[in-house]
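*Asks:* got a predicted structure here, sequence first:
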Amino acid sequence: MSNRKKLASERLSARQRELTFSILLDEDTRTELDRLTAERARLLDPPGKKRAATANVDTSAIDALIEQAEQAVWENTLRMVFKDVGNRRYEEILADYPDPDPETDKTGEAREHVRRQFIDALAAAGFQGAWIGDEPTDDTWPDLADSLGFGEMQSLRAKVQTLNLTTAPSVPFESKPSAKTR
């Protein structure tokens, strides 16, 4: 490997990027924040009145309620932090999840299953911890993964894959075979 490529590879590996994946645990807190924000907007721009007529509207009371609602949303949000695993670890995980033989996997189900397992392994390897509000939780990655809904897990998988693909040397599991391999 040339020195130039080696330096670029080292810079790429040294650049540790991070992903924070958030899940609101109590939707009522978001609903209340949205209600208060809409109420503030109506105070500042009531229907049928000109904007100049509402220029001196005191919003301090509603602003204080909005601040409290924002704090409630923060305190009811689970945040999971992941780091990109780096090139070497990515390749090690990739080696543990080989692409299935296309001759035996006519429907692509096995390929999709292996892809999900691979991305889940990337998430486990990059998991840094979880917080609710400012407090760290004792939850482990397997506990959190089991508690996520289907849509949440799909969204997380896409984000973890994107986080890791930007520094990974190879791109596994393309959705369609290239025209060159057909």
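*Replies:* All right, it came through fine.
*Asks:* what about the helices in the protein?
*Replies:* 3-14, 27-44, 60-75, 86-96, 109-126, 141-147, 150-165 (DSSP state H).
*Asks:* residues in contact with residue 141?
*Replies:* Residue 141 makes contacts with 123, 124, 127, as judged by C-beta atoms under 8 Å, 6 or more residues apart in numbering. No exception for glycine: its C-beta is placed from N, CA and C like everyone else's.
*Asks:* want to try CSV for the residues you listed, with pLDDT as columns?
*Replies:* Output for the contacts of residue 141, formatted as CSV (pLDDT from 0 to 100):
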residue, pLDDT
123, 94
124, 95
127, 95
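*Asks:* and among the helices of the chain, the most buried is which?
*Replies:* Most buried of those, by mean neighbour count (mean count of other C-beta atoms under 10 Å): helix 109-126, with a mean of 18.
*Asks:* out of the helices of the chain, flag the one nearest residue 133.
*Replies:* The stretch from these with the least distance to residue 133 (C-beta to C-beta) is helix 60-75; that distance is 4.1 Å.
*Asks:* can you give the distance of the closest one from its chain's centre?
*Replies:* For helix 60-75, the separation from the chain centroid amounts to 25 Å (computed by C-alpha atoms, centre = their mean, to the nearest Å).
*Asks:* now the angle from that helix to helix 27-44?
*Replies:* Orientation of helix 60-75 against helix 27-44 (axes from the mean of the first three to the mean of the last three C-alpha atoms, to 10 degrees) gives an angle of 160 degrees.
*Asks:* contacting residues around helix 60-75?
*Replies:* Applying C-beta under 8 Å, 6+ apart, the external contacts of helix 60-75 come out as 24, 26, 29-30, 32-33, 36-37, 39-40, 43, 132-133.
*Asks:* of those residues, which is the nearest to residue 109?
*Replies:* Ranked by distance to residue 109 (C-beta to C-beta), the contacts of helix 60-75 are led by residue 24 at 32.8 Å.
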